[in-house]
Every structure is written in structure tokens, then in C-alpha cells.
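Asker: Sharing a sequence plus its predicted fold:
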Amino acid sequence: MKMSDRVRVVVAMSGGVDSSVAAALLVQQGYEVIGLMMRLWGEPELNGGVHNRCCSPDSMAQARRVAEKLDIPFYVVDAQAPFKSRVVDFFINGYLSGVTPNPCLECNRHIRWDFLLRKALSLDAQYLATGHYARVRFISKSEGGPGGEGEFQLLRAVDERKDQSYVLSVMGQAQLRHALFPVGAYTKAEVRELARQFDLPVAERPESQDLCFLADNDYRRFLRQHASEGLRPGPIIRSDGTVIGQHQGLPFYTIGQRKGIGVAGSEPLYVLGTRPEANALVVGTADELGSDRLTAGRVNWISGTAPAEPFRAEVKIRYKAPPVAATVTPLPDQRAEVIFDQRLRDITPGQAAVFYTGEVCLGGGIILRADRRYEQQR
């Protein structure tokens, strides 16, 4: 008998290959496994149902089939209300306030690693496991392992192309001590092969990386339908305030965008940013685009303590962006300043700046602004 035979683990199941293999690996390792699937808010459909890719009828049926195959209990928990208020409304309000929000961060912050973790603990589980590609390491400062004194670290996944530590940077010690990421030590190809070896019915199921609550992955259509009162046409201006056209609503544009702006110039024009207080879209040339610094807010330090001094790190400004060398300076009020070694073209308020040293994710915060010349001229 392994010690793990007495340890209960709840697995967040989605009907996809990653969470299914996570559950299978834990069963193989001797854990007592319970499968939980969240019913999340989705757009109402014509047939009276709702659309959410993470908990569609097909996804739920697939998760049940996997649970039956593994001979584990499977339950569905209703998370529609907190998901709507914490994730969907956050998404809408972010766009209406002139930023480009990342709802996956808020889902992990409030739904998966708060709401669902509390459900797991209420079932007397010691751990919540997910199909995320990431790893957890405990650095002991005393004898006794994770039960003793020490620190939990969030690590990049073995498969750099699938690494999801960026969207898990909102976690802290209270969450990591209960977190398991069974597939984080494997590549995606290896996970597919494990699914075949376990004879799981989802082994060949394709991935879906779209926003789960959008019926058609068209966020502009979603905003027109769910937040039309906040979509107001306004001026398109150059950095000096010169009006050169009219936009159709600030949420329809993103920093670095070139096509679809609706204005022409002697050279290509790009979206530089917005001035929400004037409902203005700021455009300019490629030379005006970008910055070598940003300020982040709502900064979360995974260790639980902000560094006392500026430090060198690699920083990612988007989930799929390559990490860039920078100096990070912690500031009061959960803020941080980041100065990059090179100028970046697409620093986008609302996205996260996530800090790394080697394979260790130190935490991150929401980009409040990038210091650009057009902002300095206000």
C-alpha cells in the first residue's frame, strides 16, 4: 500500500485529453480520485440551452465516459453565477474601460483556484488537480516535506510550447499547497500517447483554445449583443490630438492593429492606444508604436512576499509572447515597474506581465499602462 492510497484528489474534468490523462495518471498512482466538472455561464442558444465549450453537453458526456472508464465518481457543480460575475462581466467591463482583458487569468484567480478549490476541500480532498501544463515544487526549509516549513514554487511546464504558468501566475502559497498538475511533466505528444495507452475515449479529441463562453469566438459580436450601450463611436486622433477619422467603438481595436482602422495616411498607421476619457482612439506610425517599460497593478507574488529590491527577470506580456529580459522594481500598492532591455511593440493594458527567473514563475500583475510618447504629451 502506498501512502497516496489514503490521499483524496479532486480532478477538474473538462472532457478534454489533458484533464482526462491527469485523472488517469492519478488513478494509476494510487490516489482516491473524484472527478468534478463545473457548469459555467454561456451565451443563450436558440434551442433554450447555453453555449460554453468547457461544459457543453458533448464535453460533459465525454467526461462521464472517462470517469466510467477509470471507475471514479463524477459530479457536476454549478458555477454559472460566480463565472458570470467574476469572468464574463470582468471581460465586458475591461473592454468598455479601454483595456484588453484576459478572462483566463480571472477564471483561475476566482473560479478554478478559489470556488472549485473550496469545493474540493469541502469533499475532504487534500488536492485539486487540473490538466494545466505547469509544475509545482516544494523547497523545504526544514525536515518533514510539504507539511513543514518551506515554499511552494510554480514552475514552467516541460513542454515550453504548451506551458500555462502565465495564466496560473495568480496563484499563491495557499493554492499551490493543494495543487497538482499531473501532465506538466509531459509534452503534449506524450499526453496524447498516454491517452491512447489508457484507452481513453478522448485520446484524439481536438483542442479548443477559444474563449469558452463565446458562441462563435467573435468578441466584437459578443460585445454588440451584451454591452451595446457602451459602444460609442468617437474620434481617431494622432499623437498630437489631430482628428483624422472616426472609430466604431474603442473595444473593437487593439494595440498594434493595422488593418480595419478605417483611416489612411502617407505611411501605414497602427493603433497606439486609447484615451478612454475622451473616447478617442490614438493611431500613429510604426516608429511611434511600442515602449520599453510598463507599470503593472494587482501584482501577485507567488512566494507571498514582494522582493525588497529591483531584480532581473524574464517577463512575458502575453500568454504566447516570448519572455524578454527586464528589470522589475516592486512598488507600493501591489504595483511594479518593468523596464525591458528592448523596445516592445505590443504592450497591452489589461493583459498580464508575468515574471520568471529560469523555470520559476515569480508572479505577475495586470498591465496598467505602457509609457509612450503620446501619453506623455497629454
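Answerer: Sure, I can see it. Numbering: from 1, shown residues only.
Asker: For this protein, give me the ranges with low pLDDT.
Answerer: Counting by pLDDT under 70, the chain shows low-confidence ranges at 1-5, 45-55, 142-148, 208-210, 371-378.
Asker: packing partners for the lengthiest helix in it?
Answerer: Across the chain, the helix with the greatest residue count (assigned by DSSP state H) is helix 57-70. In this structure, helix 57-70 packs against helix 17-28, strand 32-39, strand 74-78, with contacts taken as 3 or more CB pairs under 8 Å, 6 or more residues apart in numbering; DSSP states H and E. Where you see a C-beta, it was placed from the backbone N, CA and C, and this is true even at glycine.
Asker: ok now that helix, how far from the chain's centre?
Answerer: On the basis of CA atoms, centre = their mean, to the nearest Å, the separation between the geometric centre of helix 57-70 and that of its chain is 25 Å.
Asker: Report the angle between that helix and strand 32-39.
Answerer: Counting by axes from the mean of the first three to the mean of the last three CA atoms, to 10 degrees, helix 57-70 lies at 170 degrees to strand 32-39.
Asker: what angle sits between helix 57-70 and strand 74-78?
Answerer: Going by the same axes, to 10 degrees, helix 57-70 makes 150 degrees with strand 74-78.
Asker: In contact with residue 366, which residues?
Answerer: 105, 296-298, 349-353 (CB atoms under 8 Å, 6 or more residues apart in numbering).
Asker: my bad, should have said residue 282
Answerer: Here residue 282 is in contact with 236-239, 271-275, 374 (criterion: CB under 8 Å, 6+ apart).
Asker: Just the CA atoms of the helix or strand in which it is found, as CSV, please.
Answerer: Per DSSP states H and E, residue 282 falls inside strand 280-284. The C-alpha coordinates for strand 280-284 follow below in CSV (Å, rounded to 0.1, in the frame of the first residue of the first chain):
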residue,chain,number,x,y,z
ALA,A,280,-10.5,58.6,-28.6
LEU,A,281,-8.5,56.0,-30.5
VAL,A,282,-4.9,57.0,-30.9
VAL,A,283,-3.1,55.9,-34.1
GLY,A,284,0.4,56.5,-35.4
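Asker: circling back: okay if I get the contacts of residue 282 as CSV plus distance to residue 247, secondary structure and neighbour count?
Answerer: Shown next, in CSV, are the contacts of residue 282 (distance: CB to CB, whole Å; DSSP: H, G, I helix; E, B strand; the rest coil; neighbours: other CB atoms under 10 Å):
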residue, distance to residue 247, secondary structure, neighbour count
236, 5, strand, 22
237, 10, strand, 21
238, 13, coil, 18
239, 16, coil, 19
271, 9, strand, 22
272, 13, strand, 25
273, 12, strand, 28
274, 9, strand, 23
275, 11, strand, 18
374, 16, helix, 18
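Asker: wait, which of those residues is closest to residue 360?
Answerer: Nearest to residue 360 among those is residue 273, at 31.9 Å by CB to CB.
Asker: Hmm, the closest one is touching residue 255, no?
Answerer: Yes. Using CB atoms under 8 Å, residue 273 is in contact with residue 255, at 5.9 Å.
Asker: ranges for the strands of the stretch 151-300 of the chain?
Answerer: Ranges of strands in the stretch 151-300 of the chain, per DSSP state E, counting those that start in this stretch, are 179-180, 234-237, 243-247, 270-275, 280-284, 291-301.
Asker: Start and end of stretch 69-89, how far apart?
Answerer: Stretch 69-89 has an end-to-end distance of 37 Å (criterion: CA to CA, to the nearest Å).
Asker: And for it, what's in contact with it?
Answerer: 11, 13, 23-24, 27, 33-41, 55, 60, 63-64, 67-68, 103, 106-107, 109-111, 115-116, 119, 198-201, 213.
Asker: Try it again at 6 Å.
Answerer: Residues outside stretch 69-89 that contact it (CB atoms under 6 Å, 6 or more residues apart in numbering) are 23-24, 27, 33-41, 64, 67, 103, 106-107, 110-111, 115, 119, 213.
Asker: With stretch 198-207 instead?
Answerer: Residues from elsewhere that reach stretch 198-207, judged by CB under 6 Å, 6+ apart: 17, 20, 24, 62, 65-66, 195-196.
Asker: Kind regards, and thank you for your time.
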